[in-house]
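Colleague: with the input below, show me the fold.
(2 chains)
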Amino acid sequence: MSFRAEGTEPITKVSIIISKGSLEGIYPGLIMANGARAEGMEANLFFTFFGLDAIHKQRIEHIKVATVGNPAMHIPTLLGGLPGMSAIATHMMNKKMGDLDIPSIPEFIEMIGDTGAGMYACKASVDMFDMTKDDFVEQVQDIITVGDFYDLAAGGQIIFT
Amino acid sequence: MSTTTYAGVEVRLNDEGFFEDPTVWTRDMAVEMAAADGILELTPQHWTVLDFMRKEFFEKGTGPTVRVLGKNSGVDVKALYQLFPKGPAKMAARLAGIPKPKGCI
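Modeller: Numbers count the residues shown, from 1 in each chain, chains lettered A, B, ... in the order given. Prediction:
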């Protein structure tokens, strides 16, 4: 059965902004972009601020779960701040996701590139962090301005994560 | 639910166009459905995917996602999107006569 209400048109295009650099901040946008392509929609990913870590050649290998300031971790904030807590939580979550055959972030970025989705870095953030296109994985097509992003997003839905 | 005729046989479809009964599917039906979707010729690679989807469905009860197809069907993700431009898992499942695969990735 379909959940789409009768009389509504299917979504044909999405542009998804990833603005956070934590594991839980990056995965949802990747899953939505990949899922959009799998449904035959056009999809673009736009990485801004700390979200740039998801496409940074070195940092992409070390994305971690935030254990501080995250009440849903269900551990006291002080404990969450202990050295190694984030690494442990990340390890546990990665293991669980591996068991479910959810790809790691580097593998996922590669796969989404293969689906034909567009991937772009935000110029303001790239300048702010003193990065260049060489810092990014090969799937990143370009560094673009916010105006370019709106042009790219024309005719579709925009999702901010 | 609706009925339609593929390769001279009446077939029941759900509201998204997927087969209600995967066992009535034949290869001739897939050829006809593909043509209607703009795939003028089903290549050996197309058949590799369709056969894999049916095999997985009858073994596991649900068709494979794009991720599983890319890893295990012998056709990689990039090629899957070229073969089935309207979304590989969904489009290939429909042509293979099986229900829409469940799974997010």
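Colleague: leaving out sequence neighbours, find the closest residue to A:Thr77.
Modeller: A:Val68 (5.9 Å; Cβ to Cβ, 6 or more residues apart in numbering or on different chains). Where you see a C-beta, it was placed from the backbone N, CA and C, and this is true even at glycine.
Colleague: oh sorry, the question was meant for B:Arg54
Modeller: According to Cβ to Cβ, 6+ apart, the nearest residue to B:Arg54 is B:Ala96 (5.2 Å).
Colleague: check the gap between that neighbour and B:Gly38 for me.
Modeller: Remark: distance between B:Ala96 and B:Gly38 (Cβ to Cβ, to the nearest Å) = 17 Å.
Colleague: swap in B:Met53?
Modeller: In terms of Cβ to Cβ, B:Met53 sits 19 Å off from B:Gly38.
Colleague: likewise B:Asn14?
Modeller: For B:Asn14, the distance to B:Gly38 equals 22 Å [Cβ to Cβ].
Colleague: more neighbours: these two, which one.
Modeller: The residue with more neighbours, out of B:Asn14 and B:Gly38, is B:Asn14; 14 against 8, by other Cβ atoms under 10 Å in any protein chain shown.
Colleague: might one say that the more buried one is in contact with B:Glu20?
Modeller: Yes. Shown here, B:Asn14 and B:Glu20 form a contact pair, counting by Cβ atoms under 8 Å, at 5.9 Å.
Colleague: identify the contacts common to these two.
Modeller: With contacts defined as Cβ atoms under 8 Å, 6 or more residues apart in numbering or on different chains, the residues shared by B:Asn14 and B:Glu20 are B:Met1.
Colleague: can you tell me the residue of chain B closest to chain A?
Modeller: Residue nearest to chain A within chain B (Cβ to the nearest Cβ): B:Gly87, separated by 3.1 Å.
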